[in-house]
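>>> Below is the structure, and that's it, no one-letter string:
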């Protein structure tokens with residue numbers, strides 16, 4: 001059947017519109033996939049920033065390698081800074097949340113607060129603010145607890161360690177009691193640390209990942 005010019009024009013318009021729609025769907029698929037890919041943001045200090053180690057030996061890099069096998073679409077952002085405190089992490093967090101839109105925020109801070117003798121209330125307030133800001137941005141939070149050596153005194157050590165579960169409980173966040181469990185409290189602890197006796201050696205970082213992994217995994221499901 002021969003079509004009139006007006007009918008031919010209408011058909012051309014319809015075919016063009018359909019092609020544009022299909023092309024739009026095809027182009028949108030990768031963007032949707034990328035948007036749904038999990039992002040793990042680690043905000044920490046030298047324990048997570050590979051201080052004194054070759055690149056790729058730290059527990060965060062090892063975590064990224066493991067995720068690449070079990071969850072290839074996941075992305076890890078290591079925003080750790082050697083020497084950082086909870087105040088420093090708090091000041092940096094808003095920009096990091098906006099830039100990376102993380103699925104999970106791992107907060108590994110507080111050790112330098114203790115080393116500098118900063119008030120525990122300030123540490124508590126900063127961790128509280130970071131946890132709530134992360135949750136408000138739609139992320140789940142994992143707090144990595146820290147402990148101080150016995151020479152700080154039993155009372156201070158107890159009060160410092162209690163900050164992490166307190167913040168976690170108040171905000172229903174995940175919590176690891178001690179990142180360096182099995183390392184700092186091992187019978188041969190001196191063999192697991194660098195010469196400064198503060199920073200773990202490369203052989204300790206797989207153990208640190210094993211401490212973190214069971215708590216991180218459920219947050220990514």
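In hand now; what should we look at? Owing to the predicted nature of the structure, the values given are computational and were not obtained by experimental measurement. Residues are numbered from 1 along each chain as shown.
>>> quick check: domain ranges of this protein?
Dividing the chain into domains by automatic domain parsing, as the record does, gives the ranges 1-36, 38-220.
>>> Can you say which of those is packed in most?
Across the domains of the chain, the average number of neighbours (mean count of other C-beta atoms under 10 Å) peaks for domain 38-220, which reaches a mean of 18. (Glycine included, C-beta is placed from N, CA and C.)
>>> what is the mean pLDDT for that domain?
Model confidence over domain 38-220 averages 97 on the pLDDT scale.
>>> now for that domain, what's the gap between its first and last residues?
As for domain 38-220, its first-to-last residue distance stands at 7 Å under the measure C-alpha to C-alpha, to the nearest Å.
>>> And the helices in the protein, which stretches?
Shown for the chain, the helices assigned by DSSP state H span residues 5-36, 59-70, 86-100, 111-115, 120-136, 154-171, 205-220.
>>> In JSON lines, list these along with distance to residue 43.
Written out in JSON lines, the entries for the helices of the chain read as follows (distance: least, C-beta to C-beta, whole Å):
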{"stretch": "helix 5-36", "distance to residue 43": "22"}
{"stretch": "helix 59-70", "distance to residue 43": "11"}
{"stretch": "helix 86-100", "distance to residue 43": "5"}
{"stretch": "helix 111-115", "distance to residue 43": "13"}
{"stretch": "helix 120-136", "distance to residue 43": "7"}
{"stretch": "helix 154-171", "distance to residue 43": "14"}
{"stretch": "helix 205-220", "distance to residue 43": "14"}
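>>> Residue 77: which of these is closest?
Distance to residue 77, taken as C-beta to C-beta, is lowest for helix 86-100 among the helices of the chain, at 5.1 Å.
>>> Pull the contacting residues for the residue lying closest to residue 73 once chain neighbours are set aside.
What sits nearest to residue 73 in space, not counting adjacent residues and going by C-beta to C-beta, 6 or more residues apart in numbering, is residue 37, at 4.2 Å. With contacts taken as C-beta atoms under 8 Å, 6 or more residues apart in numbering, residue 37 has the following neighbours: 73-75.
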